[in-house]
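Trainee: got a structure for you, letters missing:
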Ligand SMILES: Cc1ncc(C[n+]2csc(CCOP(=O)(O)OP(=O)(O)O)c2C)c(N)n1
């Protein structure tokens with residue numbers, strides 16, 4: 001199990017985890033905001049759809065582990081957290097940091113070293129296989145196929161499809177900043193394994209939405225053309241970041257999921273109670289982003305269909321700042337997730 005990670009050297013990090021996984025015959029439940037899913041050719045044991053797999057109770061029961069090695073922080077997935085909390089496997093956390101990384105207070109031993117140093121302890125050998133690994137791999141193949149089929153056929157502007165398409169479309173090694181909150185979750189749900197070598201960046205700690213635009217511009221400055229995936233409130237929190245435009249060298253495309261407010265809060269029970277939900281939780285701002293971009297002299301384009309969107313993502317321009325706005329329906333998309341995320345693993349069979 002490997003959590004959010006922004007390693008200094010993604011290739012070395014992914015190789016260490018691949019070595020560990022193949023030496024032990026363990027599957028790797030790979031977080032979306034980590035380079036792992038984008039170095040898939042290093043490791044056949046990568047599982048990207050665990051959140052969806054664990055929504056099927058009989059699979060969740062069949063796949064209960066005795067031992068978990070967790071690299072770094074806890075993955076984002078709530079399904080995964082609940083499952084671990086319920087079954088309390090023996091857990092080893094590999095991370096050089098001194099903080100307590102087990103908010104669930106499980107049967108945990110913290111090994112304070114890097115995964116690179118940890119992996120070196122395991123001698124090189126042939127890849128180990130196990131029936132447990134095979135179950136995970138079979139579930140991953142079937143759930144990914146069903147997910148790809150559903151999203152591939154979808155014409156409507158569902159928020160999660162943007163994350164799914166970015167994985168398939170961005171040029172290799174595009175620096176990508178992902179804002180909290182639903183963009184990070186949609187990357188976690190939908191981002192497929194591949195070989196793009198992309199390192200996703202994000203703000204850690206309390207997952208603040210402050211400073212998102214400035215962070216993305218900082219990452220993109222003097223780099224290859226970069227992309228930011230963000231919600232409307234996270235972008236609005238830091239619009240004066242656009243003032244960097246006169247000093248910025250390079251290109252940043254901002255994929256703006258505009259659902260007019262905080263989509264994340266639609267997942268909470270309070271969403272059923274309006275008032276006060278819209279005024280105090282969702283906080284829609286009804287901003288015209290075309291006008292906002294004009295104020296800052298930033299390029300703007302409204303996306304009306306997916307083909308237009310993917311055409312803009314590859315190749316990316318070489319300079320300037322550009323906003324691609326996708327207008328979505330906050331309530332309908334929250335309902336889509338609630339209704340459909342549990343369906344992809346229903347028919348999995350071994
Ligand atoms: C500085 C800061 N203030 C408030 C929050 C609480 N918060 C988390 S997500 C969120 C809303 C984000 O909305 P948006 O960027 O539109 O993304 P969506 O949830 O719709 O995907 C807020 C206010 C936070 N994380 N950081």
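Mentor: The structure has been received and is ready for your questions. The shown structure was predicted, so the numbers you read here are calculated from the model rather than taken from an experiment.
Trainee: what's the neighbour count on residue 172?
Mentor: A count of nearby residues for residue 172, using other C-beta atoms under 10 Å, gives 12. Just so you know, the C-beta spots here come from the backbone N, C-alpha and C atoms, and that holds for glycine as well.
Trainee: pretty sure it sits in a strand.
Mentor: No: checked against DSSP: H, G, I helix; E, B strand; the rest coil, residue 172 lies outside a strand; its state is coil.
Trainee: domain parsing for the chain?
Mentor: 10-144, 154-340 (automatic domain parsing).
Trainee: identify the bridge partners of the residue of the chain found nearest the ligand.
Mentor: Using C-beta to the nearest ligand atom, residue 231 is the residue of the chain that sits closest to the ligand, at 2.2 Å. Under DSSP bridges, the beta-bridge partners of residue 231 are residue 257.
Trainee: who touches it in this structure?
Mentor: When contacts are counted by C-beta atoms under 8 Å, 6 or more residues apart in numbering, residue 231 touches 179, 181-183, 209, 256-259, 262-263.
Trainee: buried members of those residues into PyMOL, please.
Mentor: Restricted to buried positions by 16 or more other C-beta atoms under 10 Å, the PyMOL selection for these reads:
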select buried, resi 179+181+182+183+209+256+257+258+259+262+263
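Trainee: show me what from the stretch 51-200 of the chain comes close to the ligand.
Mentor: Taking C-beta under 6 Å from any ligand atom as the test, the list of the stretch 51-200 of the chain residues beside the ligand reads 179-183.
Trainee: the stretch 201-350 of the chain: helices as residue ranges?
Mentor: Across the stretch 201-350 of the chain, reading from the start of the chain, the helices by DSSP state H, counting those that start in this stretch fall at 212-220, 232-236, 277, 289-295, 306-313, 330-340.
Trainee: out of those, which gets nearest to residue 101?
Mentor: Comparison of the helices of the stretch 201-350 of the chain against residue 101 by C-beta to C-beta identifies helix 212-220 as nearest, at 22.9 Å.
Trainee: quick one on the thing from earlier: what's the closest of the contacts of residue 231 to residue 312?
Mentor: The shortest distance between residue 312 and any of the contacts of residue 231, using C-beta to C-beta, involves residue 256 and amounts to 12.3 Å.
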